[in-house]
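Q: the sequence and its predicted three-dimensional model are supplied below.
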Amino acid sequence: MIELGDYVEQKHPIEASYLKRGIVVQSKNDSFVVQWLSYNKDFFLEFKGDVFEELNRRYLLTKMSYARTNDRTDIVILSKAGINGVG
């Protein structure tokens, strides 16, 4: 179960790669919120240039809420809070 402080990754739904990585900053019974910290630049920067870099940075590295019942988020735990010095 995804909990507060977990380091998570949103997997690409088809390829064996990731889309974004972040930290769970809020955890409720029915949802959790992730503050995205990094994103797969090869995937999101198919269009090159400063404008696309700024748009990706501004809109991809945000806080996002996910319902626990949504099984299509493809979010997996990379490191549990309190393990390996996290938390």
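A: Yep, it's here.

Q: for the rest of this, base every contact and every neighbour count on C-alpha atoms.
A: Noted.

Q: quick one, strands of this structure?
A: 7-11, 18-27, 31-39, 63-67, 75-79 (DSSP state E).

Q: with distance to D50 and mean pLDDT as new columns, can the ones you listed be given to me in JSON lines?
A: Converted to JSON lines, these look like this (distance: least, CA to CA, whole Å; pLDDT from 0 to 100):
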{"stretch": "strand 7-11", "distance to D50": "25", "mean pLDDT": "96"}
{"stretch": "strand 18-27", "distance to D50": "20", "mean pLDDT": "95"}
{"stretch": "strand 31-39", "distance to D50": "16", "mean pLDDT": "95"}
{"stretch": "strand 63-67", "distance to D50": "23", "mean pLDDT": "95"}
{"stretch": "strand 75-79", "distance to D50": "29", "mean pLDDT": "95"}
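
Q: right, and these - which one's nearest F52?
A: Taking CA to CA as the criterion, strand 31-39 is the member of these that comes nearest to F52, at 13.3 Å.

Q: that closest one: which residues count as buried?
A: By neighbour count with 16 or more other CA atoms under 10 Å, strand 31-39 contains the buried residues 32-36, 39.

Q: equivalent analysis for stretch 66-74, please.
A: Going by 16+ other CA under 10 Å, stretch 66-74 has these buried residues: Y66.
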